[in-house]
Structures are given as structure tokens and as C-alpha cells.
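# Fold the stuff below for me.
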Amino acid sequence: MPYPLYPAHSQVMSETSSVNVDADRDCRRIEGLRQRSQRLAARLQQMQREMESNASSKDLSANNAVIPLQPLMRWAEPRPHPNQSQPSARSNSRQAIPYGVPVSTPAPVAMQLPYHVAFASYQATMQIPCLQPLSHLHVVSSPSHRLIAKKKSKRALRNEVEALQDMVKHLSHLSPDVNAYACQLIRKNEILSQLEWSQTRSEAHPQQVGYQGRHRHDSEVSATNNGSHVQQQPKLGRRQRNSKKNDGSGSNGTQSQKTELEAMRSYINKIVQRHVGMDHQLSEDLIFKGNFSDLEAHAQRLVAAGYGRIVEEEIRVNRKNNRQAFIIMSTDREALERDGIVLLPVARRYAFDGDKVRAFVLNPGAQGSSKTAEPSSGEISGGKPSLSLADGEELSDDTESQGSESDTDNVVVISSDNCPKAFVIAITKRTELRQIVGTISFTNPTKLCDDQLFYKFRPYDLRVPMVYVPKDACAAHIGNKQQIDVSGLLYLAHILETDCNGHCIAELIQPVGRVGNLDDELKAILFHNGLRDIKPFEQRFIDIYSQPPPPISQEDLRQRKDLRKMCIFTIDPMTARDLDDAVSIEKLGDNEYEIGVHISDVSHFLIEDNELDNIVKERSTSIYLANEVIHMLPQSLCMRCSLLPGQDKFAFSVFWRMNGKGVMLQKKPEFCRTVINSCSQFAYEHAQKIIDNPNERFTENDFPTILNGFNPDDIRNRVLWLHDIASSIRKTRLDNGALTINNAKLRFLLDPITGEPLSFEVEKQREANRLIEEFMLLANQAVARFIHDSFPDIAVLRNHPPPLIKSLKALREKLLALGFELDYSSSKALQESMVRLCNEAPNPVAMNACLSQLLMKPMARATYFCSEGKSEPADLWHYALSIPIYTHFTSPIRRYPDILVHRLLAAALKYCTPPKRTPDDLHTLTKLANERKYNAKKAGEDSGNLYFKRYVHNKQGIYMRAVVIEIFQHMMNVVTLESGHVISINYKMQKVLVDTHGVPNYILIAERNLKQSPRKLQLLSVVPICLIIWDQKLTGFLKMEEQI
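Model prediction:
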């Protein structure tokens, strides 16, 4: 029976890629090394006793026994939720997570161990297994084993690896043969080859393995805890970073500062070396050995050598991984130049998102084209690669600067698409950092300096690293609470400063709630997305419109067309309450129709620049969360303006005359203020029922109440007319180059008592939805042209820039490798390519889901703007709609820019004087509207993700099918077909075996028993996955087909 190595050994070997060795070898480290070697010897002695005991029990001869040492290896398995029962072992069960058997042990090679080495008690023959990797299969320690034994800290793992290196050093001194064999093993192992080994023997043996002292991993140095110097400045009104300008050169610099400087030196030298090629020797003056104050001079030397250039641009931090930051190299979206990428917080000088920096950026091109002699095996151990990465993939490890050491399993990787590497010389302009929301537990404080302790505060915003709050300042928040009451709390905090070691120091402002409480987490989502100031309206504003409206007077009708006798109705979602828009159609003659779009006239009630208007303009938009709507207007005003059936309402109307094919019969549409009375409130489902059954005779029981003397046939005929015309308009619009990319939107059924999600469904886009969409687009376009012609300097419009061509080019290359051609020369070509690819694909649903996700990334956000100074056609063009001008007019109850447009339209029609706001005022308002709209959108998405996670948690895991959209060295991204969620699949957490030799083109997965052939996964592959909640995160696990 083979005997396992000490369990810590397998765990160390699974995580050594996160470990580095420091170059400093002082007396204290030598003493520490001696002590660690003694501990290791004790462990080996214990293992020897176990081996001898086992050998005796089998009646083996001690003199002739050859005891093989088999590593304790378990293939990675999904981690069950703490509340989830242990899965059954039955292979045919959907919930089963069977444990496979390990593969055969590699053939051992005997090596005699002499008595005089430090491990004198070993008087037996020791076997070293040959390195015969099994197809680069990914081997990691079992998560179930990590549940039993507490996961070791990074420092403990570093210590153990250093001790193992010391052992290798001693063994390598036994003989040249042993040393040569050790060198061979190191070269062939991807992880060991990344460590630094000193040359301690004579020049006659240049490959001698030796120990070079402790050298920290470049990706960890910014999270150093010991020896940091923090200058606390409470209640500063502005963030002050690097307040102690220590460049690390003085004798008083702390060990942490020295480590940060070493990290900067190592990072710069590695990216430059990789840029020129590993086989090219850098000249001495191009190796950075200086201090932070020498960065400018060194960057100038690199520029003179022709390796890159110096720029001053804004820096953006990856929203999902604060270790990645990008320096904007070009604002031209059609340019092919890639942004520069910075891979370490210290290398960006701890700049925050939005800061303007002076930076050195390497020239674009094939970086690191010169490969080493030994090809990479593709195997990953621990999932934390060093800077030596594959092309197109960047650092993605989670470190102490972004949470606890157990957070490394769900880090999101963003491909850099071979972006040129960069480093920041200095921060030239700092942004004001807004308040942040996050989680804190008033337990286990961390010492950042000699005399002060801090609690860790984990921000929701992943662009911000770990934040530290002084323990003394938290006393008022803790009070006399028990331990259970001070863990897992949500707080709002304000960052005071970032010290010279990169630690963000903050103060707590107010509690938000507790993790796990739905209401508290929704509140935290609003805070996180900059919507903290959205508060309920004061009662006095609600009371203004709480009484029934007065009847329509003759004075009202002097400036409005009375349409109350017309067949006008609304078509909205089933649960809609804010009814902004209604439609009408009348047949005027043979193949001639008058179509009307009627929009609630909110501007009649909301007077420009009054107290309520100034409150509403700051809110700017309604916020649609998974469980509720936070209205932009007071609820009573929403009801006053909503086009409810049977009630007289003020509206703005647009009319067109066209034939049955949607061809305009008059040059310009007609605009006017009106009074309408909707005859029915239809849902999309009712209109779709008519479209699906055009010849059916409907009764009053089939539809909502129909008022004003109209009957079901009146509504049926009008819906069918509108549908035929809208279909023709849509076809023409797509033929003219319009682009449609739809991502899934979920709707949850909630428990009426607890508020917990019971089920979910994807909102479907059917013909009835498209019917309304076409006429709303038509109205928005017509109003945009009209107000711009009337007020060319103060028109509020909406622009959509073209996508990033460089990203579309990269996507085209990926698809071309699979035999699919993507044409992105225009929006029309891109739309036609999407339709063609979906039709050609074996799985059209998977192709559509994959393309929708991948095409959303290069797309720009549409924005509001004031037309002043916008004279070029490109300034007004809307790329996705492929039309020359556009605005928002049709949703004034939920969007403030629509109200601005209504006021302009009223002034253009001579109903009132032009608005008083100047172009500068409108520039400010449109900028605010863009920010609010984006923040509200993110809050809505976050709330949907929160409820989806809660649904998965309550179900203790769900199974879905997903399509592969991106493959990286240690993880891949998939999008679920049932819900549209993008899930990161981390290889090291998987139960199945993962072969990464083909990354980034494909991976192979197989069951542990290897009874079936491995399955190849590449872009567009559909794979079953299991979703569970692990450590409060949505986590995905690959499954084989027969396991579902």
C-alpha cells in the first residue's frame, strides 16, 4: 500500500504559484530558515515512523523494502453549501457528486539518502517519482479536505515552501547527479520553474540549485501588513494619498516600503524583459534599480531606447478586479490602438479610477514572442499565476488587498487582448472619491503600524482595494454588542487617505444593515451605485396631487385638441402602473391610415425651475429594482399623469399618415397637445393573443374592460393594422442598418409574505412588444428632428457612438478560427452577420447568447447631450438605430430628459416661451442624467443578481446549460442559456479533471475515473453546469452530460 506524503505537502504544491522568494538574506531570515528546517525534519521523522510502522504490519523486511511515496492528490470537487446535505453517492442521481479514484502512480526512481545529512533518522531507501504528467490534467487539493482542515494562510504556505526549497538545496549538494536531476525536475515543472533558485556552487556547476532568500510574489506586495506607516488624519474633507512622500530611499523607510519598491522594480524589469524577449539581454542602464523618485528618469531611458512612450491620460480600474487598470491611449473608437494595462496596484502608484496619471506605456506588438526552451505544460496548481502569463491573459489573483485569503476561488478575469504593459510614474490629478459601502466585522483587528489596530472593511466596489478602519474609531459603533452582533455588517464609509503603502484608511459614517437581509442588501446596492441621496418625497409634495383632478375646462381645450372620442388604448407589461404612452390608428381610406402616438404631458404639471422640478431633476430617473420601483416623481403625480383607462388625461400627440406598408404619405408628422381618454389598458399578452389568432372572434371576457363605446372587434382590428405596419417599418429599419442586441432580463415571482423569490422567468420579446417599440422609436426620431430644427443650440438629444473596432477585430479572429465569419464594417453588416451566424450554428440559441454577450463589450453607452457646438453629422448619429438624429420623448413619467424635450417641443409649437435653461445648464443636466441612468441600470442589475443568488441559495443549487464565451489559463466564462448570467468557472474548484494545454483555444474535461474520453470545450461549446452559493458568491461547476 503506498503511503501519502504529509498532507501539507500537497497543499503547498497546489498553491506555490502564489509564492515568491525575497532577495534579502539577513541574519534574522537565516535564523528563521534554520528553525523551519528543524520543523521540517521533525515532520519527515514522523512520516518515517508511520512508514516503518506500516511496513512492519505487512511483514516487510526493513533492509530490502522500497517504500514508494505517493502524493495525496484529490481532484477538485464542488464545495457544497453549508446548509446543503451531503450528496448521495449514487452515480445516477442528479444531486450525486461521486468521488472518483486517483490515477496510477508514476514510476519511482530510487535515490540513496546518506546518514550525515540533516535528516539522520532516515536510514532507508527513498524513492523520487518521475515527472510523468497526465495530459496536463489540473490536480488540486480537495475542497472537502479544506473544509475539515482550516485553509492555511499565505505566510504559512510561504514558510513551508521556503523550508522545502532549503531541503532541495541540501539534497542538491550530495552529488552532481542529484543536482542535475533536481534541475531537470525544476525545468519541467511549470510552478517550480517560476521560483528563483540561487547558484551556490562553483562556476563549474552553473545549474546548481540553491536558496536565495525570501522574495515576495509581485502580486502580493501591495497587501503587506507588517511595518506599514500610517498617518491618520481624521475627518479630512478630501482624500489625501501618499501624504508621506517617502520614496523608499531613506534609511528610515519601513520594511513594507522597501518591499513595495522591490515590487515596482521587479514589475518594471519583467514587463520590459518580456517585451524585448526573454533571450535578449537588457543593458544595465535599462534595468530599474532606483527609487520611486527615479521613475521619470528611467522612463525617459526606455523611451530613448525605443521601447515605448510617456503619456498623461486617465486611468480606469477594472470594475471586477482592482489589480487590473487601464490607461486610455485613444478616444477614437474606430482606432486599433489598445489601451495600456497596469497589472499591480503599486505599479499604478495606487491611483484610483478616474485619476489622471503620467505613465510609461510599452509599444504595442507581440510581447514576449521569444519562448523558453521548455514548453509550458498547461497545468495549473493553485490558480495564481505569476507575471509570466500566456498572451492575452493577465493577472487575476485575489490578494489581501481585496479580501480574505479564502476569496481566491471566484476572481473574475478580464482579458487584456494583448494590451501593451505600462507603469505609472506619478499621479497628476486626483479625483474626489465618493463614499463607499461595504461589509465589516468588528473582529480580528489587523495591525498596520506599531501602535494602532484596524478593522478590515471590504468595499462593494471592486475597483477599491481593501479598506482599513481604525479600531479606536469603531468603539461607538460596537458599544456593548455581543460577538454575533458585530459580524457581517453593512456600513457606509468615507475614505480619508491612502498611505504610502497603499492602505486605504477610512471612517465609518452610518450603518446600512446586515448581510443576508434582503432589505438591507437592497439599500446597500443603492448606496453602492451612488443613489444614496434618493429619498422618499416629503408629504407636502405628495399632497399637491393627491386630490382628484378638476374636470377639463374650456380654457384647457383652447390649446389642446380634444381626442376623448377616439379609440386610444395602452399596451404595456401586465404589472405596469406608470402608463406613459398610448396608441391609436384610424383607417382614412383605401390603404391609408392615420397613426397616433400619445405621450403623457408631465411638463404641464412640473413647472420649470420650481422646487419640485429641482428635486426631480436631481433624481433624473426611476429606479427599477427586482422587487419595487423607486419613482422619479411623487407617487400622486405619477397617478395624475398615468394614462389610465376611462380618465381624461393631458397628452402630447404625434400623428403620421402612411399606407399599409409603413410608407409615409405626408412629408412631416403633426405634433399637438391633446386631451385623451384611453378606452382600455391592454397588456402585451392580450395584443399577442390577437396577433397569434387574427381570425378569432374575441369576446369581452378575453380582454380587460373596454370603455367609451368600443368593443373587442374595434381593438382587434386596430391591433392587427398596427402590427402589419410595424412589421414593415421594422423590416425597413433593419434593412437600413439598425442593430439589435438583446440580453436576457429576469422577472421574479416573490413570496407575498417573506419577499423571497419563488421562481423566475425571462422576459420575452414578442411581436406585441416590437409593435409598441417601433412606434415609440418613430416618435422619438420625429421629435428629435423637430426640436433640433427649432432650437439648434439647446436641443436635448441622444447619441450612440460606434463600437470599439479593436475589440470587434479580436472577436472576429476568435470566430474565424472556428469557421465563422463576422463582418463588422457597418452596423448593417454586423446585424446581418449575427442573423447568418445564428442560422448556420448547430445551436442557434447558444450562438445568439454568446454573440449578445461578446458584442455588448465593445459597444459604447448611448448618452444624452446638449446640441450646442454639435454641428457634424457624426455628433448626432445613433449607431445602433442607424439614424441621423434621436432623442427620448416617450417616457416622461420615468425619465427627466423626456420632460426637457417636452418643454422644447411645447416652445417649438408656440404653446409657451422657450425654456430658460442655458446651454451650460443643459450640459450639466445631461451629464447628470447620464450618470443617474447608468447608476440606476447597475442598481437594477445588482438587485436582479441579488434575488437570483437568493433563489439559488434557497434551492441549494440549480442545474443549467451554459455556452462558453471566453477561455483563460485558469478559468473560463460561460453564459447560462436559461437566465443569461455570466458565470466564471474556476478550474481549481472543479470536480472534473481539466486539461489546460490548449488554452486559450480550448480545454479538455474528463471524469476522474477516465472511463470516458475527455470532452473538448471551446468557444460556443454548450456544457451543463451546477450553480451553488459558496462564500456568499454565485459559483459554477462543470458537469459531464450524463450527470444532469
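# Tell me how this structure divides into domains.
259-364+416-431, 434-515, 539-802+860-940, 810-855, 956-1038 (the TED database).
# now the ones you listed in a markdown table, with distance to residue 523, mean neighbour count and mean pLDDT?
Where you see a C-beta, it was placed from the backbone N, CA and C, and this is true even at glycine. Output for the domains of the chain, formatted as a markdown table (distance: least, Cβ to Cβ, whole Å; neighbours: other Cβ atoms under 10 Å; pLDDT from 0 to 100):
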| stretch | distance to residue 523 | mean neighbour count | mean pLDDT |
| --- | --- | --- | --- |
| domain 259-364+416-431 | 21 | 19 | 86 |
| domain 434-515 | 6 | 18 | 84 |
| domain 539-802+860-940 | 11 | 18 | 96 |
| domain 810-855 | 30 | 17 | 93 |
| domain 956-1038 | 17 | 20 | 89 |
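# With respect to residue 185, which of these lies nearest?
domain 956-1038 (19.5 Å; Cβ to Cβ).
# chain center to the closest one, what's the gap?
With Cα atoms, centre = their mean, to the nearest Å as the basis, domain 956-1038 stands 17 Å off its chain's centre.
# do stretch 270-286 as well
33 Å.
# try stretch 773-788
Stretch 773-788 sits 34 Å away from the centroid of its parent chain (Cα atoms, centre = their mean).
# now residue 312, nearest residue through space, not along the chain?
Excluding its sequence neighbours, the residue lying closest to residue 312 (Cβ to Cβ, 6 or more residues apart in numbering) is residue 358, at 4.9 Å.
# What does the pLDDT read for residue 181?
The per-residue pLDDT reported for residue 181 equals 72.
# Next one: it from residue 917, what distance?
Distance of residue 181 to residue 917, computed by Cβ to Cβ, to the nearest Å: 80 Å.
# just residue 432 next, same as before
In terms of Cβ to Cβ, residue 432 sits 25 Å off from residue 917.
# Work out which residue lies at the spatial centre of the protein.
residue 320 (4.3 Å; Cα atoms, centre = their mean).
# That one sits in which helix or strand?
Counting by DSSP states H and E, no helix or strand carries residue 320.
# Just confirm it contacts residue 462, I think it does.
Yes: with contact defined as Cβ atoms under 8 Å, residue 320 reaches residue 462; the gap is 5.5 Å.
# thinking again about what came up before, got CSV for the domains of the chain, with distance to residue 522 too?
Formatted as CSV, these follow (distance: least, Cβ to Cβ, whole Å):
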stretch, distance to residue 522
domain 259-364+416-431, 20
domain 434-515, 9
domain 539-802+860-940, 6
domain 810-855, 26
domain 956-1038, 15
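# Help me confirm that residue 313 is found in a strand?
Yes: assessed by DSSP: H, G, I helix; E, B strand; the rest coil, residue 313 belongs to a strand.
# one step back: how near is the residue nearest to the centre of the chain to residue 1031?
Where residue 1031 is concerned, residue 320 sits at a distance of 16 Å (Cβ to Cβ).
# Then residue 820?
For residue 820, the distance to residue 1031 (Cβ to Cβ) stands at 37 Å.
# likewise residue 806?
36 Å.
# Over to residue 344?
25 Å.
# quick revisit: tell me who's in contact with the residue nearest to residue 312.
296, 310, 311, 312, 424, 425, 426, 427, 428 (Cβ atoms under 8 Å, 6 or more residues apart in numbering).
# so the first one is in which element?
What that stands for is residue 296. Following DSSP H and E, one finds residue 296 within helix 295-304.
# ok now that helix, how far from the chain's centre?
Its chain's C-alpha centre and that of helix 295-304 lie 34 Å apart, by Cα atoms, centre = their mean.
# elements contacting it?
helix 255-276, strand 308-317, strand 356-362, strand 422-429 (3 or more Cβ pairs under 8 Å, 6 or more residues apart in numbering; DSSP states H and E).
# Just put the ones you listed in CSV and tack on distance to residue 488.
CSV is the format used below for the helices and strands packed on helix 295-304 (distance: least, Cβ to Cβ, whole Å):
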stretch, distance to residue 488
helix 255-276, 29
strand 308-317, 26
strand 356-362, 36
strand 422-429, 35
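# Residue 850: which of those is closest?
strand 308-317 (25.5 Å).
# still on that earlier bit, and the angle from the helix holding residue 296 to helix 255-276?
Interaxial angle, helix 295-304 versus helix 255-276 (axes from the mean of the first three to the mean of the last three Cα atoms, to 10 degrees): 10 degrees.
# okay, residue 1039: pLDDT?
pLDDT for residue 1039: 86.
# so how far is residue 1017 from it?
Taking Cβ to Cβ, one finds residue 1039 at 12 Å from residue 1017.
# do residue 1026 as well
Residue 1026 is 16 Å from residue 1017, where distance means Cβ to Cβ.
# what's the answer for residue 567, then?
To residue 1017, residue 567 is 56 Å away according to Cβ to Cβ.
# you'd agree residue 1028 is in a strand?
Yes: counting by three-state DSSP, residue 1028 is found in a strand.
# Skipping its backbone neighbours, what lies nearest it in space?
residue 957 (4.2 Å).
# Same check on residue 560?
residue 673 (4.6 Å).
# correct me, but that neighbour touches residue 561?
Yes: in terms of Cβ under 8 Å, residue 673 counts as a neighbour of residue 561; the distance is 7.2 Å.
# Mutual contacts of these two, please.
residue 653.
# per-residue pLDDT, residue 72?
Residue 72 is given a pLDDT of 33.
# hang on, the earlier thing: verify the contact between the residue nearest to residue 1028 and residue 1027 for me.
Yes: in this structure residue 957 lies within contact range of residue 1027 using Cβ under 8 Å: 6.4 Å.
# if we can go back for a sec, any residues in contact with both of residue 1039 and residue 1017?
residue 1023.
# Next secondary structure after the strand or helix carrying residue 759?
Assigned by DSSP H and E, residue 759 belongs to strand 757-762. Using DSSP H and E, the helix or strand that follows strand 757-762 in sequence is helix 767-790.
# Check which element follows that following helix along the chain.
Past helix 767-790, the next helix or strand by DSSP H and E is strand 796-799.
# just checking, residue 943 is part of a helix?
Yes: under three-state DSSP, residue 943 falls within a helix.
# Please list all residues in contact with it.
522, 525, 625, 626, 627.
# Mind checking which of those residues are in helices?
522, 525 (DSSP state H).
# can you name the two of the contacts of residue 943 that are farthest apart?
The most distant members of the contacts of residue 943, if one measures by Cβ to Cβ, are 525 and 627, lying 11.3 Å apart.
# one step back: compare the helices and strands packed on helix 295-304 and give me the one nearest residue 160.
Between the helices and strands packed on helix 295-304, helix 255-276 lies closest to residue 160; by Cβ to Cβ that is 20.2 Å.
# Now do the closest one against strand 356-362, angle only.
Using the same axes, to 10 degrees: helix 255-276 against strand 356-362 is 40 degrees.
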